[in-house]
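[1] fold the following for me, if possible:
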Amino acid sequence: MSSAADEGGATASAASTSTVVRARTHRRGLGWALGAIALWSTLASLGVALAHVPPFLLTGLALLIGSVPSWPLARQWRVPPATLALGVYGLFGFHFLLFVALAHAPPVEANLVNYLWPLLIVVLAPVLLPDARFRPLHLLAVGVGFVGAALAILGGREVAGGLSWGYVAALGSAFIWSTYSLLTRRVPHFPTAAIGLFALVSGALALACHALLEPRTALDARDVLLIAAVGLGPLGAAFYLWDGALKRGDASRIGIVSYLAPLASTLLLVLTTHRPLTGWIAAAAALIVGAAIVGVRAR
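    Below is the predicted model of the structure:
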């Protein structure tokens, strides 16, 4: 009897330890996701400062710079062709369709459609990840979060511009980033350093598109510094943090807190462009933060 009780206690203790370790890992993953979101929130402001640079040139140079930190770990770039294809699908495909959308639809509205990717991560997680579950509170959180994202981006204005095929490209970019984010957990495990290979190949493809589709542009010293900031931050370190987060965190919760990205981006734009902080932005903050809290606490 004593032996059986001891074995039962040991099993319960091991299960409890495993649960604690899993919870800590998920919290760490959520922290890494927030780090990536913080870096992505700077992209709009940096993009405004670099609006005169052709988008494929900007993307190509920034992705090449973003790959540099992983060069010393190039031995870890050995990944199956399918994994490399997934990485290029995510990094290159997302930016390609996003820039097409911004060129063929009103930019603010196209950006709003693009920000459907956090919602799609939450909704598609149970479809693409066998261990993911969709809770009723998640449904409430994604709905409230999307309303908040809309307010943050649109600032209370009505959607303008009518129908445009550019919106299809924006929806495609959102679908690509959400499915890429989820499918990285379905392919064989690969080192986070391999993101550098994805960025390197994607950057080369973007520069090829620049050579074929865009006029040549001379860059000054300020442009180079800002492009380096984009490459080391939102198109560089953010990708490594995001990959680490997805490998460790809960996809549904990460998708919900990703609604902080449009809010943080908008607030930073308000500060850098000296625009007034309106009631719409305050309302968006309340909705997005509330949705993030509800989503993270959902069990």
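
[2] how about the contacts made by the residue nearest to residue 228 when sequence neighbours are not counted?
    When the adjacent residues along the chain are set aside, residue 228 lies closest to residue 65, with 5.8 Å between them (CB to CB, 6 or more residues apart in numbering). In short, each C-beta sits where N, CA and C put it, glycine included. With contact taken as CB atoms under 8 Å, 6 or more residues apart in numbering, residue 65 is in contact with 227-228, 230-232, 235-236.

[3] could you dump those residues into TSV and include pLDDT?
    Formatted as TSV, the contacts of residue 65 follow (pLDDT from 0 to 100):
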residue	pLDDT
227	94
228	95
230	92
231	93
232	93
235	87
236	89
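
[4] closest to residue 94 out of those residues?
    Nearest to residue 94 out of these is residue 235 (CB to CB; 10.7 Å).

[5] report how many residues lie close to the residue nearest to that closest one when sequence neighbours are not counted.
    Nearest residue to residue 235, sequence neighbours excluded (CB to CB, 6+ apart): residue 62, at 4.1 Å. By other CB atoms under 10 Å, 29 other residues sit near residue 62.

[6] which element follows the helix or strand hosting residue 62 toward the C-terminus?
    Under the criterion of DSSP states H and E, residue 62 resides in helix 55-67. Next along the chain after helix 55-67, taking DSSP H and E as the criterion, comes helix 81-104.

[7] now do the helix or strand just after that next one: distance to the chain's middle.
    Once helix 81-104 ends, the next helix or strand along the chain (criterion: DSSP H and E) is helix 107-114. Between the centre of helix 107-114 and the centre of its host chain there is 15 Å, according to CA atoms, centre = their mean, to the nearest Å.

[8] which elements pack onto helix 107-114?
    On a contact count with 3 or more CB pairs under 8 Å, 6 or more residues apart in numbering; DSSP states H and E, helix 107-114 meets helix 81-104, helix 136-154, helix 165-183.

[9] worst average pLDDT in these?
    For the helices and strands packed on helix 107-114, the weakest mean pLDDT is recorded on helix 136-154, namely a mean of 77.

[10] show me what counts as buried in it.
    Using 16 or more other CB atoms under 10 Å as the burial criterion, the residues of helix 136-154 that qualify are 138, 141-142, 144-154.

[11] make JSON lines out of those and add distance to residue 291.
    Shown next, in JSON lines, are these (distance: CB to CB, whole Å):
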{"residue": "138", "distance to residue 291": "10"}
{"residue": "141", "distance to residue 291": "5"}
{"residue": "142", "distance to residue 291": "7"}
{"residue": "144", "distance to residue 291": "4"}
{"residue": "145", "distance to residue 291": "3"}
{"residue": "146", "distance to residue 291": "8"}
{"residue": "147", "distance to residue 291": "8"}
{"residue": "148", "distance to residue 291": "6"}
{"residue": "149", "distance to residue 291": "9"}
{"residue": "150", "distance to residue 291": "12"}
{"residue": "151", "distance to residue 291": "12"}
{"residue": "152", "distance to residue 291": "12"}
{"residue": "153", "distance to residue 291": "15"}
{"residue": "154", "distance to residue 291": "17"}
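
[12] picking up where we left off before, next, format the contacts of residue 65 as CSV and append neighbour count, distance to residue 186 and secondary structure.
    Converted to CSV, the contacts of residue 65 look like this (neighbours: other CB atoms under 10 Å; distance: CB to CB, whole Å; DSSP: H, G, I helix; E, B strand; the rest coil):
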residue, neighbour count, distance to residue 186, secondary structure
227, 23, 33, helix
228, 16, 34, helix
230, 25, 29, helix
231, 25, 28, helix
232, 17, 29, helix
235, 29, 24, helix
236, 26, 25, helix
